[in-house]
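Asks: No sequence on hand, only this structure:
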């Protein structure tokens, strides 16, 4: 599954679950700060951040630092986002 497929699925599922979703990347060059996650989602007063990667995709150094701090969730499959929603 590609990163784009994972991202589309995650955005759709989050919206169906009642999250307000903001997408910062869609495989186009952006002017975001290095390490900015692909998706931000808000519900019930809490923000969540997600980085979508394929099985072989590698997070940037900045993204990995945030993943290590549990500041963003790394999504590599539809099961990862399904598990978050449950």
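Replies: In hand now; what should we look at? Treat the numbers as computed from the prediction; the structure is a model and nothing was measured. Numbering: from 1, shown residues only.
Asks: Where in this protein is the helix or strand with the lowest mean pLDDT?
Replies: Here the helix or strand of the chain ranked lowest by mean pLDDT, DSSP states H and E is helix 78-85, holding a mean of 91.
Asks: hmm, who's touching stretch 70-86?
Replies: Stretch 70-86 is contacted by residues 1, 6, 9-10, 13-14, 17, 37, 48-55, 57, 59, 63, 66-67 when judged by C-beta atoms under 8 Å, 6 or more residues apart in numbering. Yep, even glycine has a C-beta here, placed from its N, CA and C like the rest.
Asks: which among these end up buried?
Replies: Buried subset of the contacts of stretch 70-86 (neighbour count, 16 or more other C-beta atoms under 10 Å): 6, 9-10, 13-14, 37, 48-53, 59, 63, 66-67.
Asks: What about the residues you listed, which are in helices?
Replies: 6, 9-10, 13-14, 63, 66-67 (DSSP state H).
Asks: In the protein, which strand is the longest?
Replies: Longest strand of the chain, by residue count under DSSP state E: strand 46-52.
Asks: from the middle of its chain, how far away would that one be?
Replies: What separates the centre of strand 46-52 from the centre of its chain is 5 Å, taken as C-alpha atoms, centre = their mean, to the nearest Å.
Asks: what's it packed up against?
Replies: When contacts are defined as 3 or more C-beta pairs under 8 Å, 6 or more residues apart in numbering; DSSP states H and E, strand 46-52 packs onto helix 3-16, strand 39-43, helix 61-68, strand 73-75.
Asks: Can you tell me which of the ones you listed is most buried?
Replies: Mean neighbour count, computed with mean count of other C-beta atoms under 10 Å, is highest for strand 73-75 among the helices and strands packed on strand 46-52, reaching a mean of 20.
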